[in-house]
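1. Make a model of this:
(chains A and B)
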Amino acid sequence: MEDQRVTLLPVRVVGGVTVAAARGRLDHLTAGALGAALAPLLAGCKAGSPALLLDLSAVDYMSSLGLRTLVVASRQAAAQGGRFAVAGMQPLVAEIFAIARLNLVMPCYVDVDGACAQLA
Amino acid sequence: MKSLLARLLGAHHGRSLALVLLVLAALLQVWRQEAPLFGLRHLLFDHYQRLHPRDRSAVPALVVDIDEASLVAQGQWPWPRDRVADLVARILAGRPLALGIDILFVEPDRLSPPELARRLPQLPGETLAGLPDPDRRLAQALATGPTVLAVSGVAAALPTARPGGRSVSLVSRGGGGSEGLPAYGAALGSLPALEEAAAGVGLINTPPDRAGGDADLGVLRRLPLAGRIGDALVPALGLEMVRVALGAAALEAQSGLRGLETVGVGDYRLPTRADGQLLLHFGRLAPDRRVSAASVLDGSFAPAGFAGRFVILGLTGVGLVDQVLTPLGEKIPGIDVHAQVIESLLAGDALRRPGWMPALEVGVLLAAGLLLIVALPALRPAYAAGSGAAVAAGLVGAGFAAFVAGGWLFDAATVIALLNPLFILLLGNTLVDADRQRRAAENALQASREAAARDAGELDAARRIQMGLLPDPQALFADESRFRLAARLEPARAVGGDYYECFALDDRRVCFGVGDVSGKGVPASLFMTVAKTLAAALVRRVDDLGEALRQIEVELCRNNPEVLFVTTFIAVLDADSGRLACVCAGHDAPVLRRGPTLLRLAAGDAAGPPVGALGNYPFVAFSRQLEPGDLVCLFTDGVTEATDGRAYYGGDRLLALLAAAPADGPPEALATAIRDDVRSFEAGHPPADDLTVLVLRWDGPAASRPAAAAA
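-> The predicted model follows:
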């Protein structure tokens, strides 16, 4: 469990939405790496540009620092007039997300396809 | 200039400059081939001979020695020729294989009739004619056996020297002939009548450069196996004796591209240098090979002792002959050298330094040099220092093995001498590199220690801020009987940011809560301090908990560059009524134990996001009515997300523990039990996050009344 580092998979564009997929554990060891990987994508997440969707279906754990990375991303996108959302959470991650009530902070979708349909 | 040198020295750990040195060394070795460096080569080869001299246990050659004892017995040298004739006759009576005579009979005997006639002109002719001729007697004696007389090649034509002399034919195979042999202008030999009587004549010259040759350091190491005097080819005395003994008509030589390779007669050949010079493998001085001429003449040594031997007759009397120094460090009379040549010929034992040996040495020099250049900079300094010694020992050892096995002369000494500057350069660079690396490692270690100390200092500072904020519920509520409150916070190494709070708002109401700042270090601690201060102020002033929290968030977000936020659960208990007002901001729901029942104080839709995540969220409070004996347990994710590396502690384990806890146990014991259970679950796995537990038990208003009344 500890060896699994978070990785940002190759970015793809689905129906006018930029989809970045993370995988592994999202905790104090990996949150910084995810933030760094998201930074260039967030820089382009502005008003009028495609929405940025983070696919969490391969993320099996998220700590409070992981949550913070998502909040930071969400706030930056909002400040730039862009849109940032997450999708495809596993049950454990979804529970953590629900406890922290981050669905009030950023849009959360059950799956990537549905999210793309909504965001496009 | 200095920088260029420094660059060269430093380039590739000094390998570039080392390569240049190696090429220079190879060129020097080729150029100095005939004048070995510092005589090192001879020192090495002489040492090999001392360690491994030629075995002389076979006794093919004897020396009949006109020594001091003989001069005492027979009178001063030169002896009359008829006495020499007697000696020759006695030796030949023993049937030796050959008798070599290392004496030059240049002028007629003083007592020969022509000499007497010249000295005493008044002597009558018939008297003269009746006198015995000592030279003729010697000639007659020589003619009776296989005898070989000596001849010496001289450069200038001395009055007594003759051009040329007896010649032996040379059968040469492989192209070349006798061109490379030492050449002499004239011969200094014996009377023609004596030479004609003898079966052969042999050259007794040692190399012309022997005495003065710096290269040989005055040591006799080689001598020509044959030489040319005028047009005549003359074998060395020892070789001629073997030829005469074998009855062979000609010498045989084998030539190669570089000149002569072997010279010999019949089956007996020795390898030579290209100029026909034999590199002698000396045996130790053997006094038992000497027979005094006096003992032969007086019959005390029986002639039978000469049977089947090569016998050399010569002088060793002090003052009569030169002595030569051998590589073994012994001084021997020249006559012994001829005995050694004969022994070597018969045993086929000579030292070899063929024409290709220098090329091999250059090759070995280049190979060993390249090996050092490649390997040495990669070695640890201790091994690098030893590598030079190892290469040197290997070369000397291999050279000695080749010497013992076949008399091969491989010059390891010059190779080592030429490798030395290279080795010193490479070793120096390696040591400099090692020193530089050691310093770099020390600096890096120092830097990492400083960084660790800085981090530790920062963490420590953050930890002190965090822990300093925590109230002590036991001290705060020491006199309280309506409820009991206990809390425990254990910081983790990696992440921190938990806190708990409890304070009395007034006589009836107590505020408590837990929180978890998402972040670590000093910024998180300061954020926590601000949040705690704001909460204390706003909860006192604003009655509605939700509104209080909204105002806290607004204040916190006024200056929050790091986007820190905090999940929190805050509650206010009316200790008299048991009414519990709560607000939840992204925090896990506390557990409520009522008798055997366990409930979650879930806010449902009233729960808001973490404080600071949005900035101005309208938090909504909710309330529950407690019953006396109810237990409320607040916790952070340091409990539920504690891991043993495989699974998480989770909420279910916490519920099970709370269900099993004794009903009337003090909250302090319960908080400790939760901490202990989490730690034992982790089984040594280091906690990633702070662990906070806050337990409150409401015992009902009645319990407090008497105390309040009494007060």
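
2. Where does pLDDT dip in the stretch 601-711 of chain B?
-> Low-confidence segments of the stretch 601-711 of chain B, defined by pLDDT under 70: B:702-711.

3. Get me the contact residues on it for chain A.
-> Neighbours of chain A within the stretch 601-711 of chain B, by CB under 8 Å from any CB of the partner chain: B:607-610, B:613-614, B:617, B:637, B:641, B:643, B:645-646, B:688-689. Quick note: C-beta positions are derived from backbone N, CA and C, even for glycine.

4. Next, check those against the strands and list the overlap.
-> Assigned to strands by DSSP state E, none of those qualify.

5. And these, which is closest to residue B:288?
-> Nearest to residue B:288 among these, counting by CB to CB, is residue B:645 at 89.7 Å.

6. For the residue nearest to the closest one when sequence neighbours are not counted, grab the count of nearby residues.
-> Closest residue to residue B:645 apart from its sequence neighbours, by CB to CB, 6 or more residues apart in numbering or on different chains: residue B:685 at 5.2 Å. For residue B:685, the number of neighbouring residues by other CB atoms under 10 Å in any protein chain shown comes to 14.

7. Surely residue B:685 is within a strand?
-> No. The assignment for residue B:685 (DSSP: H, G, I helix; E, B strand; the rest coil) gives coil, which keeps it out of a strand.

8. Distance of residue B:145 relative to residue B:587?
-> Plainly put, residue B:145 is 129 Å away from residue B:587 if you go by CB to CB, to the nearest Å.

9. Look at the two and report which has more neighbours.
-> Taking neighbours as other CB under 10 Å, residue B:145 and residue B:587 compare with residue B:587 leading, 28 against 21.

10. And the residue nearest in space to the middle of chain A, how close does it get to residue A:86?
-> With distances taken as CA atoms, centre = their mean, residue A:54 lies nearest the centre of chain A, 3.2 Å away. Look at residue A:54 and residue A:86: by CB to CB, they are 5 Å apart.

11. Give the residues shared as contacts by the two.
-> Residues touching both residue A:54 and residue A:86 (CB atoms under 8 Å, 6 or more residues apart in numbering or on different chains): residue A:70.

12. what's the following helix or strand after the helix or strand where residue B:65 lies?
-> According to DSSP states H and E, residue B:65 maps onto strand B:61-66. Using DSSP H and E, the helix or strand that follows strand B:61-66 in sequence is helix B:68-74.

13. State the mean pLDDT of that next one.
-> Averaging pLDDT along helix B:68-74 gives 87.

14. buried set for it?
-> By neighbour count on 16 or more other CB atoms under 10 Å in any protein chain shown, the buried set for helix B:68-74 is B:70-71, B:74.

15. still on that earlier bit, direction included, what does the strand holding residue B:65 pair up with?
-> strand B:290-292 (parallel), strand B:310-315 (parallel) (DSSP bridges).

16. Next one: the residue of the stretch 401-550 of chain B found nearest chain A, what pLDDT does it get?
-> Closest residue of the stretch 401-550 of chain B to chain A, CB to the nearest CB: residue B:518 (3.9 Å). With respect to pLDDT, residue B:518 has a value of 82.

17. Over to residue A:5?
-> Confidence score, pLDDT, at residue A:5: 56.

18. my read: the residue of the stretch 401-550 of chain B closest to chain A touches residue A:66, true?
-> No. Applying CB atoms under 8 Å as the test, residue B:518 and residue A:66 come out as separate, 9.1 Å apart.

19. Just the C-alpha atoms of the longest helix along chain A, please, in PDB.
-> The longest helix of chain A (DSSP state H) is helix A:64-79. Coordinates of each C-alpha in helix A:64-79 appear next as PDB, following Å, rounded to 0.1, in the frame of the first residue of the first chain:
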ATOM      1  CA  SER A  64      -6.800  15.400   4.400                       C
ATOM      2  CA  LEU A  65      -3.700  16.600   2.400                       C
ATOM      3  CA  GLY A  66      -5.200  14.900  -0.700                       C
ATOM      4  CA  LEU A  67      -8.400  16.700  -0.100                       C
ATOM      5  CA  ARG A  68      -6.500  20.000   0.300                       C
ATOM      6  CA  THR A  69      -4.900  19.500  -3.100                       C
ATOM      7  CA  LEU A  70      -8.300  19.200  -4.700                       C
ATOM      8  CA  VAL A  71      -9.600  22.200  -2.800                       C
ATOM      9  CA  VAL A  72      -6.600  24.300  -3.900                       C
ATOM     10  CA  ALA A  73      -7.200  23.200  -7.500                       C
ATOM     11  CA  SER A  74     -10.800  23.900  -7.300                       C
ATOM     12  CA  ARG A  75     -10.200  27.400  -5.900                       C
ATOM     13  CA  GLN A  76      -7.600  28.200  -8.500                       C
ATOM     14  CA  ALA A  77      -9.900  27.200 -11.300                       C
ATOM     15  CA  ALA A  78     -12.700  29.200  -9.800                       C
ATOM     16  CA  ALA A  79     -10.500  32.300  -9.400                       C
END
